[in-house]
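**Q** Build me a model from this:
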Amino acid sequence: MNKSIIIFAIALAMLGGISAVSAVEPIPGYIVPVDTNGDGLADDFNGDGISNYDDLKILYDNRE
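**A** Residues are numbered from 1 along each chain as shown. The predicted structure follows:
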């Protein structure tokens with residue numbers, strides 16, 4: 001699967017645009033994304049245990 005499509009899908013999921021994301025690869029230099037609240041969506045990309053602005057910035061900075 002195209003990396004940019006995966007990142008876009010995750011960003012949409014964080015904004016409530018889709019219901020699930022699968023086959024997520026880590027962004028270079030970061031952990032494998034984690035679902036911190038049990039809703040089935042990856043929302044923690046930097047490993048700090050919460051979904052916040054920093055996670056969205058990581059997605060934005062690593063788009064293709």
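**Q** Please count neighbours and contacts with C-alpha atoms only from this point.
**A** Noted.
**Q** Which of the three states applies to N37?
**A** Following DSSP: H, G, I helix; E, B strand; the rest coil, we place N37 in the coil state.
**Q** ok, how many other residues are close to it?
**A** Neighbour count for N37, taken as other Cα atoms under 10 Å: 13.
**Q** do the same with the one 5 residues further on
**A** By other Cα under 10 Å, the residues close to A42 number 22.
**Q** doesn't it fall inside a strand?
**A** No. Going by three-state DSSP, the assignment for A42 is coil, not a strand.
**Q** Strands of this protein, residue ranges please.
**A** With DSSP state E, there are no strands along the chain.
**Q** Look at D54 and report its pLDDT.
**A** pLDDT for D54: 90.
**Q** quick one: it and R63, what's the gap?
**A** 14 Å (Cα to Cα, to the nearest Å).
**Q** Any idea which helix or strand in the chain has the lowest mean pLDDT?
**A** Between all helices and strands in the chain, the lowest mean by mean pLDDT, DSSP states H and E belongs to helix 3-14, at a mean of 65.
**Q** my guess is A42 contacts D35, does it?
**A** Yes. Assessed by Cα atoms under 8 Å, A42 is found in contact with D35 at 4.3 Å.
**Q** now G47, nearest residue through space, not along the chain?
**A** I31 (6.2 Å; Cα to Cα, 6 or more residues apart in numbering).
**Q** is it true that the one you found touches D43?
**A** No. Contact criterion Cα under 8 Å: I31 and D43 do not qualify, at 11.6 Å.
**Q** what about those two, which has more around it?
**A** Each of I31 and D43 has its neighbours counted (other Cα under 10 Å); D43 has more, 24 against 14.
**Q** Just to check, the more buried one is in contact with G49?
**A** No. D43 is beyond contact range of G49, at 9.2 Å (criterion: Cα under 8 Å).
**Q** Need the overlap of contacts for those two.
**A** Among the neighbours of D43, those also in contact with G49 (Cα atoms under 8 Å, 6 or more residues apart in numbering) are T36.
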